[in-house]
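Participant: Pasting the sequence and the predicted coordinates here, then a few questions.
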Amino acid sequence: MVKIIRWLLGWVKFAFVGGFNEGFLDSCYEEKYNIRNITVDGKTLYAECLAGLYPRLRKPARENGGRLKIIKKHGFPFIFLKIRNRWGIFTGIVIGIAFISFISGFAWNIEITGNERLSEETVRAFLAENGFYEGARFKSVDRPTLEKLLLASFDDIAWAHINRNGTSATVEINEAVIRPKTVNRKKYANLKAKKSGVIVKATAYDGWAKVRKGDAVNKGDLLISGIYTNEKGKTYFTRARGQYIAEVKEKFELTVSRQQSYKRSLSETERTALLLFGLRIPLYLEKTPKNAEVETQNKRIILNGKALPVGLEKSIVRVYKKEVKTLSDGELTALSKKEAERKLKKEYGKYEIIKQKIDTELTDSAAVSKGYVLCLEDIGKEVRIKIKKNK
């Protein structure tokens, strides 16, 4: 703290030459002049004092037959004197300090930690919807309220805290421990078939099985009963559960038009924009046409493993024209096969396909694919048992 005060007030290192050193020091002591770091080299005395005190030392120096000589000047007053006639530099320093003070009130980097089940994109989107994003002012964000909103909006979050560290913020998340689901056997139910098929594997966990391996069932048939009545006429209820894997035959149909629209590329240009503290400054003048696709990639400066709010945005602008093409038989057949594979993967990708038969017929306007898919699927579906209570 003393060093800071001395630097703000300014201090000098001086030499007392040609006089009586002991007398000069005694005079300074009598006048209570605070000089420090006193050394003597031959007949020359060296010392330091505050800049404001130095002019008053000339009188005791003369009285003791010597003179003072400044060796070096230190501190803010001397720096200010150097630039006082250079108002551009001084103004730039003032503006720079004001600018740094201003931007230090913004969150330029938000880091999210502790999230495993929740994606970072989900958390960032939620924070942005509530006014907290990279470039937002810290004063405009009610962090305690936002922490409570996180807890109320996500069941997976057990604890959340937003810490500020300079111009960076860390959102710490502690996710809740997932408790294993327990089976509520008081919710009585039957297990019925949701599709028709031939059972290839039958496993009953709870209830009384009605269908075995090798049986053919129709949609809605009872697989496992949740009701059982013994020989004495006593009725028992439970929640029927089990796994019934069946060969299910699914119909397949797909139509692909011979007339296909596509985008023909006309031009491709690269553009650059400057990203500076939340602002996007284009380094180009051209406008983006309506018939264009833009692919953007941001590259920010990394310092000590953290991304700074400064970087470049690289964009590739592809201008296109929509056109229609009439496919040949070969092109239409290839496209129909590709679309059929895509549909099979989308609709039956989670099942094991054991057989498929698909025939394609070409017409003047389209390719029509028809057939079936034989796959293995768990067809069991729980259906609640409603019990009427006697009044």
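Facilitator: Received, thanks.
Participant: what sits opposite Asp378 in the beta ladder?
Facilitator: Assessed by DSSP bridges, Asp378 has beta-bridge partners Ile245.
Participant: mind listing what it touches?
Facilitator: Asp378 sits next to Gln243, Tyr244, Ile245, Ala246 when contact means C-beta atoms under 8 Å, 6 or more residues apart in numbering. Placement of C-beta: from N, CA and C, glycine included.
Participant: Now distance to Asn190 and pLDDT too, for those, in TSV please.
Facilitator: Output for these, formatted as TSV (distance: C-beta to C-beta, whole Å; pLDDT from 0 to 100):
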residue	distance to Asn190	pLDDT
Gln243	15	93
Tyr244	12	94
Ile245	18	94
Ala246	17	94
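Participant: Among those, which one lies nearest to Glu48?
Facilitator: Minimum distance to Glu48 across those is 89.8 Å, recorded for Gln243 (C-beta to C-beta).
Participant: How about the closest one: what's its closest non-neighbour residue?
Facilitator: With sequence-adjacent residues excluded and distances taken as C-beta to C-beta, 6 or more residues apart in numbering, Gln243 is closest to Thr203, at 4.5 Å.
Participant: what's the spacing between that neighbour and Leu222?
Facilitator: In this view, Thr203 and Leu222 are 16 Å apart by C-beta to C-beta, to the nearest Å.
Participant: neighbour-wise, which of those two wins?
Facilitator: Just comparing Thr203 and Leu222: by other C-beta atoms under 10 Å the higher neighbour count belongs to Leu222, 19 against 14.
Participant: Which strand residues bridge the more buried one?
Facilitator: With DSSP bridges as the rule, Leu222 is bridged to Lys192.
Participant: Contact partners for it?
Facilitator: Asn190, Leu191, Lys192, Lys210, Val211.
Participant: For the helix or strand Lys357 falls within, list every residue counted as buried.
Facilitator: Applying DSSP states H and E as the criterion places Lys357 in strand 352-362. For strand 352-362, the neighbour count (16 or more other C-beta atoms under 10 Å) marks Ile358, Thr360 as buried.
Participant: How about stretch 66-74?
Facilitator: When burial is assessed from 16+ other C-beta under 10 Å, stretch 66-74 yields the following buried residues: Gly66, Leu68, Lys73.
Participant: swap in stretch 136-152?
Facilitator: The neighbour-count check on stretch 136-152 (16+ other C-beta under 10 Å) flags Ala136, Val141, Leu146, Glu147, Leu149, Leu150 as buried.
Participant: quick one: the helices in the stretch 1-150 of the chain?
Facilitator: 2-9, 21-30, 58-63, 76-83, 87-103, 120-129, 143-153 (DSSP state H, counting those that start in this stretch).
Participant: out of those helices, nearest to Thr288?
Facilitator: Closest approach to Thr288 among those (C-beta to C-beta): helix 120-129, 23.8 Å.
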